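Asks: just need the structure, nothing else, for what follows:
(one chain, ligands or ions: 2)
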Amino acid sequence: TVIKGNPAAIISSKNIAVTQAPPLFLSDDQVLGLLDWETLVPAIESVIAGVDRGQVIQPARLVMRIPDKDAVVLSMPGYVKGTNTSQDGSPDDSLAVKIVTSFTRNKDIGLPSILATVLLYNPDNGKLKVVMEGTEITKWRTAAASVVATKHIFPRSKESGLIVAIMGSGAQASIHAKAFDANFNVKQINIWNHRYPGAQDLVNKLSSEGLKSVKAFEHGQDAVKEADIIVTATYSSVPVVKYEWIVKRDVILMLLEQE
Ligand SMILES: NC(=O)C1=CN([C@@H]2O[C@H](COP(=O)(O)OP(=O)(O)OC[C@H]3O[C@@H](n4cnc5c(N)ncnc54)[C@H](O)[C@@H]3O)[C@@H](O)[C@H]2O)C=CC1
Ligand SMILES: O=C([O-])C1=[NH+]CCC1
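Replies: Ligands and ions are numbered 1, 2, ... in the order given. Okay, here's the model as predicted:
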């Protein structure tokens, strides 16, 4: 019943009957059902602190390029030594490999550019426990890391009335808007995209999902002018923000990488 009924219990279970069972498969929708900012942000915060404490093994990711397809495949193994003790008394370690594919032409066929799969193993014996689609968790994790960075290194993060500028209108632009709206006291979210209709579409989508004061900008300079927090989330190979556009002198700038 545990296997059928409660994915979260399987993910954390050390119970031998559960871990000897065939791996569980979780779709993106099922993973999405397990995600919320209240759980994810402290989890990411704790793993980042774990890196500092030497509790994380995270080798450089393997990058495989497929130039003919403008594609990249990233392989990312990771091990986190747990700080808590699980119900059966053993430390709550995690062992996983994430594989990300980045196919930038996917937008032409209505698929996300970044797709991911997460393989979760029993950390004591290497037995595969869970295969999960990792596209949603990758999106959320990336935005959660931006939230944690902002919380810890941006002195004004607790202020009210923050203005967030987001450059780009794809998957990361969208999830960053939601993450900052949910985790900070945000007055306005400015969206710029190199194709203006993209910015307008994202504003419409976010507004229909209940975000207030989201505005599309045709010119990047206008979007960042008053911003306290700036996120770049594009595939541009040239900078989309110029230093001289930034008016406030204490802003935080998050650059999502271009592989
Ligand atoms: N989706 C994810 O989970 C993650 C994405 N990233 C990185 O975030 C960045 C954005 O990724 P997604 O939002 O997933 O992609 P996406 O395909 O959903 O959105 C890409 C955005 O970049 C814009 N863009 C494309 N070419 C451009 C150009 N030449 N100049 C200016 N803008 C351009 C598009 O209009 C779109 O707004 C990428 O660098 C990606 O590697 C990083 C970590 C996780
Ligand atoms: O860290 C990550 O998961 C990714 N980095 C670039 C695309 C996905």
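Asks: strands of this structure, start to end?
Replies: Counting by DSSP state E, the chain has strands at residues 24-26, 56-57, 62-66, 71-80, 94-103, 114-121, 128-133, 162-167, 186-192, 214-217, 229-232, 252-255.
Asks: let's have those in a markdown table, adding mean neighbour count, mean pLDDT and distance to ligand 1.
Replies: For every residue, glycine as well, the C-beta is placed using N, CA and C. Output for the strands of the chain, formatted as a markdown table (neighbours: other Cβ atoms under 10 Å; pLDDT from 0 to 100; distance: least, Cβ to the nearest ligand atom, whole Å):
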| stretch | mean neighbour count | mean pLDDT | distance to ligand 1 |
| --- | --- | --- | --- |
| strand 24-26 | 17 | 97 | 17 |
| strand 56-57 | 14 | 96 | 18 |
| strand 62-66 | 12 | 97 | 12 |
| strand 71-80 | 16 | 97 | 8 |
| strand 94-103 | 18 | 97 | 6 |
| strand 114-121 | 19 | 98 | 4 |
| strand 128-133 | 19 | 97 | 12 |
| strand 162-167 | 25 | 97 | 8 |
| strand 186-192 | 23 | 98 | 9 |
| strand 214-217 | 20 | 98 | 12 |
| strand 229-232 | 24 | 97 | 8 |
| strand 252-255 | 17 | 89 | 9 |
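Asks: just so I know, which of those lies nearest Ser46?
Replies: Each of those has some distance to Ser46 by Cβ to Cβ; the shortest is strand 71-80, at 8.8 Å.
Asks: chain center to that closest one, what's the gap?
Replies: Using Cα atoms, centre = their mean, to the nearest Å, the mean C-alpha position of strand 71-80 is found 14 Å from that of the whole chain.
Asks: ok and the residue in the stretch 151-259 of the chain nearest ligand 1?
Replies: Nearest residue of the stretch 151-259 of the chain to ligand 1: Gly170, at 1.9 Å (Cβ to the nearest ligand atom).
Asks: so who does that residue touch?
Replies: 107, 113, 198, 233-234 (Cβ atoms under 8 Å, 6 or more residues apart in numbering).
Asks: out of these, which comes closest to ligand 2?
Replies: Ser113 (8.7 Å).
Asks: so what's that closest one up against?
Replies: 102-104, 106-107, 170-171, 235.
Asks: cutoff 10 Å now
Replies: Contacts for Ser113 were tallied using Cβ atoms under 10 Å, 6 or more residues apart in numbering; they are 70-71, 101-107, 170-172, 235.
Asks: look at it and report its pLDDT.
Replies: Here, the pLDDT recorded for Ser113 equals 96.
Asks: and Glu38, how many neighbours?
Replies: A count of nearby residues for Glu38, using other Cβ atoms under 10 Å, gives 9.
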